[in-house]
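Asker: just coords:
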């Protein structure tokens, strides 16, 4: 029985690579924090001798606090990413539960049911876990103000309940450190998720712009070639028609000119299309490096025998580089590296291997790009193979036979 690697488990639990996976990881980490909070309340209850009422009440309030925290974390994160409304109601409920727990702890201390050390740990954990979600959901200023008011009110309540001396100073100092830290950590988590989504969106936009730019160039070339010739054809045809109606023999001469212009236009269109369909290997490799590095993907190229290859082989491999680079930008949102290695497989075969990471769980080769590449390479007696490995690694291998000129 085959064992699953860590990458396989990450792929299975997180889903396809991309911003949605990172967002799920962020929400999952928040869920883990909620579990930790429940665990801390359980430890607080177990380690003390509080009878029955105190543990039951603390556990009920603690579980409620952790549950509301999880809901608020998710809503706050989606609002931070502009995917949902501001969670005002959840913030109110979360604050009310927090203040209720703080008041209950102060009541337990004033009635002598718990000691000063018990309230110190109780209050620090409560305020520490409270700090994150309101700052992310309400924004830095409003959230920080609310967290500060709740923290000061809770500490004042502890002092009024009888907490004093070194224990009170310790609680104030620990709260002054941990509460801002948890608030900043929540903002950093939201910022990280938003940054990943913005980078992916920028990469997709870059790929679309590259395609649109190439289409505009092709359209501009066709316009330059055909615009003038078609205008001349229209004028010559109209003039020949008028001369033909009058029985003038010059109409034949004008139609012959139209025929010559049409043939010349055909040759010029073939030239434009040939230039569009021909890919220079060195140009494509340099362009691929530039585009990938602009998308924050480390690109390494081994040129090998590029200079010794025939023109048709270089053109075929250039198309492989062009299409594979487009696939990296479009179908590998999590890519961080890409290698292109050009070498020989024996004395008569050129071999180009491209490998990148960050491929989603979707099956490769389902689009038309790779199918079109296979058709191009088959005209050169070449082959194209691709495979996907664990961890989102995709490898493309192109082989084209060739012979060195004697």
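Answerer: Thanks, I have the structure now. Here the structure is a predicted model, which is why all the values come from computation and not from measurement.
Asker: what segments of the chain are strands?
Answerer: Under the criterion DSSP state E, strands of the chain are mapped to 298-302, 337-344, 349-356, 383-389, 393-401.
Asker: how about residue 394, what does it touch?
Answerer: The contact partners of residue 394, taken as CB atoms under 8 Å, 6 or more residues apart in numbering, are 327, 332, 355-357, 359, 364, 386-388. Where you see a C-beta, it was placed from the backbone N, CA and C, and this is true even at glycine.
Asker: list the beta-bridge partners for it.
Answerer: With DSSP bridges as the criterion, residue 394 is bridged to residue 356, residue 388.
Asker: and it, how far from residue 259?
Answerer: Per CB to CB, to the nearest Å, residue 394 is found 52 Å from residue 259.
Asker: circling back to that earlier point, using JSON lines, lay out the strands of the chain together with mean pLDDT and distance to residue 33.
Answerer: Shown next, in JSON lines, are the strands of the chain (pLDDT from 0 to 100; distance: least, CB to CB, whole Å):
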{"stretch": "strand 298-302", "mean pLDDT": "89", "distance to residue 33": "33"}
{"stretch": "strand 337-344", "mean pLDDT": "89", "distance to residue 33": "32"}
{"stretch": "strand 349-356", "mean pLDDT": "90", "distance to residue 33": "34"}
{"stretch": "strand 383-389", "mean pLDDT": "87", "distance to residue 33": "34"}
{"stretch": "strand 393-401", "mean pLDDT": "91", "distance to residue 33": "32"}
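Asker: mind putting the ones you listed into a markdown table with distance to residue 52?
Answerer: Shown next, in a markdown table, are these (distance: least, CB to CB, whole Å):
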| stretch | distance to residue 52 |
| --- | --- |
| strand 298-302 | 61 |
| strand 337-344 | 59 |
| strand 349-356 | 61 |
| strand 383-389 | 57 |
| strand 393-401 | 57 |
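Asker: between those strands, which one is closest to residue 236.
Answerer: Among the strands of the chain, the nearest to residue 236 by CB to CB is strand 393-401 (45.8 Å).
Asker: which parts of that closest one are buried?
Answerer: Neighbour counts over strand 393-401 (16 or more other CB atoms under 10 Å) mark 393-400 as buried.
Asker: from those residues, pick the one nearest residue 290.
Answerer: Proximity of the buried residues of strand 393-401 to residue 290 was ranked by CB to CB; the top entry is residue 396 with 19.4 Å.
Asker: the closest one against residue 324, yeah?
Answerer: Yes - contact criterion CB atoms under 8 Å: residue 396 and residue 324 qualify, at 5.2 Å.
Asker: mutual contacts of these two, please.
Answerer: Shared contacts of residue 396 and residue 324, defined by CB under 8 Å, 6+ apart, are found at residue 354.
Asker: what's the burial count for residue 56?
Answerer: When counting by other CB atoms under 10 Å, one arrives at 12 neighbours for residue 56.
Asker: dump the residue contacts of it.
Answerer: Neighbour list for residue 56: empty [criterion: CB under 8 Å, 6+ apart].
Asker: per-residue confidence at it?
Answerer: Looking at residue 56, its pLDDT stands at 88.
Asker: one more: the one 5 residues further on?
Answerer: Reading off the confidence values, residue 61 has pLDDT 91.
Asker: let the chain start at 750 from now.
Answerer: That works, and once the first residue is 750, the last one we named lands at residue 810.
Asker: relative to residue 1083, how far out is it?
Answerer: Remark: distance between residue 810 and residue 1083 (CB to CB) = 41 Å.
Asker: ok, now residue 1135?
Answerer: For residue 1135, the distance to residue 1083 equals 18 Å [CB to CB].
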